[in-house]
Every structure is written in structure tokens, then in C-alpha cells.
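structure here, sequence nowhere to be found:
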């Protein structure tokens, strides 16, 4: 039985680190973007929910790839930070392409929410694929 759980400490270290990093990203993302995601989601704004969940999933993809491909926790954290920075840049690019994106999300415009969430997802997919080293 001991052989079956030999990897448990490493799993717990990576999983625990991953949860902390994901929560940190979620908080930082909501502070950096102009719209107030938590308030908008609590108010039932589906566009804000779509954009925010897209960002979280978009970040989770490279986070998972970094966990699967890293050789140590420090390596994992470095690549997670890179993934987070790229997600923040992706939102900036999405907002530059679609003027008034944050205001449109705040007003509940689904096209804006899907655009922001979609850009985050495709960025995350590309980011995750590129993290296989």
C-alpha cells in the first residue's frame, strides 16, 4: 500500500500551491480589471460572469500544464506567474480591440463578456500548449 501513496506529498504540494496561486490570480485579476467582477456577479451580471470564468479557466489551463511539466515547485510557480501575466496582457489586448469593453461588461452586454472570456480561453490554451518542455 505504501507504494501507492508514495507520490501523495508531491501531489499535495503541487495541488495546494496550485489552489493558492489560482486564488491569488482570481483576486489580482479582479483588482486589475476596471470592472468589479465580484459585485457584478453577485448582482447577476452574466456578461461579467462569462468574462471572469473565461479568465479563470484560461489561467487554469497553463497552471495545469505547468504542474504537469515542471520539475520542482519553484519551476511550477515561475511558469504560473508567467501564465498569470499573459492572462492580464490578454485582457488588455481584448480591451484595446473592443473599446469600452469594461463598461459593456458592466452593463451586461453578453457579446463583451463572451469576447473577454473567449480571448482569455484561447490565450490560456496557447499558453498551456507552449509550456510543454
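Looks like it arrived, so ask away. Please read all numbers here as calculations on a predicted model, not as lab measurements.

quick check: phi and psi at the residue nearest to the spatial centre of the chain.
Central residue of the chain (Cα atoms, centre = their mean): residue 59, 2.4 Å from the mean position. With angles defined as degrees, to the nearest 10, residue 59 sits at phi -80, psi -40.

contact partners of whatever helix or strand residue 88 lives in?
Using DSSP states H and E, residue 88 sits within helix 73-97. Residues outside helix 73-97 that contact it (Cβ atoms under 8 Å, 6 or more residues apart in numbering) are 13-14, 17-18, 21, 25, 28-29, 32-33, 55, 58-59, 62-63, 65-67, 69-70, 101-102, 115-116, 119-120, 123-124, 127-128, 131. Just so you know, the C-beta spots here come from the backbone N, C-alpha and C atoms, and that holds for glycine as well.

from the residues you listed, which would you call buried?
Among those, those scoring as buried are 14, 17-18, 21, 25, 29, 33, 55, 58-59, 62-63, 65-67, 70, 101-102, 115-116, 119-120, 123-124, 127-128, 131 (criterion: 16 or more other Cβ atoms under 10 Å).

tell me the contacts of the residue nearest to the centre of the chain?
Going by Cβ under 8 Å, 6+ apart, residue 59 touches 22, 25, 29, 83, 84, 87, 120, 124.

go again with 7 Å.
Neighbour list for residue 59: 25, 83, 84, 87, 124 [criterion: Cβ atoms under 7 Å, 6 or more residues apart in numbering].

redo the residues you listed as CSV? Include pLDDT.
As requested, the contacts of residue 59 are arranged in CSV below (pLDDT from 0 to 100):
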residue, pLDDT
25, 97
83, 94
84, 95
87, 95
124, 96
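
could you single out the nearest of those residues to residue 51?
Nearest to residue 51 out of the contacts of residue 59 is residue 87 (Cβ to Cβ; 11.8 Å).

tell me, how many neighbours does that closest one end up with?
Close neighbours of residue 87, defined as other Cβ atoms under 10 Å, add up to 28.

which residue packs closest to it, ignoring adjacent ones?
Distances taken as Cβ to Cβ, 6 or more residues apart in numbering place residue 59 nearest to residue 87, at 4.9 Å, with adjacent residues excluded.

so for the one you found, what's the pLDDT?
Confidence at residue 59, expressed as pLDDT, is 97.
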